[in-house]
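Undergrad: Fold the following and give me the result.
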Amino acid sequence: MIITRDLNGKTADGQQLELITMENDHGTIVKLTNLGGIMTSIVFKSKDGKPVDIALGFDNPIVYLSPEYLKTDPHL
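TA: Residues are numbered from 1 along each chain as shown. Take a look at the predicted model:
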């Protein structure tokens, strides 16, 4: 398994946001943030071998802190 960490911005209070990517030997890829463990991407190969992303959400974790998102999803 390959695990990488990429810096992905900062919160208003200066917390560094990271995007953690995990990929296994079968080509399954999971991306999550250090912002509550939000999964931004879950990719696996379909029956015909094409990659399919089944996660619904934003690619960039900073969007989860935007005023527009927080108005509609206040549990954060």
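
Undergrad: Alpha carbons only: can I get the helix or strand that residue 17 is a member of in PDB?
TA: Using DSSP states H and E, residue 17 sits within strand 16-23. Once non-C-alpha atoms are left out, strand 16-23 reads as follows in PDB (Å, rounded to 0.1, in the frame of the first residue of the first chain):
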ATOM      1  CA  GLN A  16      -2.800  23.000   7.900                       C
ATOM      2  CA  LEU A  17      -5.100  20.900   5.800                       C
ATOM      3  CA  GLU A  18      -3.800  17.700   4.400                       C
ATOM      4  CA  LEU A  19      -5.100  15.400   1.700                       C
ATOM      5  CA  ILE A  20      -4.000  11.800   2.500                       C
ATOM      6  CA  THR A  21      -4.100   9.300  -0.400                       C
ATOM      7  CA  MET A  22      -4.000   5.600   0.100                       C
ATOM      8  CA  GLU A  23      -3.600   3.200  -2.900                       C
END
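
Undergrad: what's the average pLDDT for that strand?
TA: Mean pLDDT, strand 16-23: 93.

Undergrad: can you give me the offset of that strand from its chain's centre?
TA: How far strand 16-23 lies from its chain's middle: 7 Å, per Cα atoms, centre = their mean, to the nearest Å.

Undergrad: Quick one: residues in contact with the helix or strand just after that strand.
TA: Downstream of strand 16-23, the next assigned helix or strand under DSSP H and E is strand 29-33. With contact meaning Cβ atoms under 8 Å, 6 or more residues apart in numbering, strand 29-33 is reached by 8, 17-23, 38-44, 51, 55, 61, 64. Where you see a C-beta, it was placed from the backbone N, CA and C, and this is true even at glycine.
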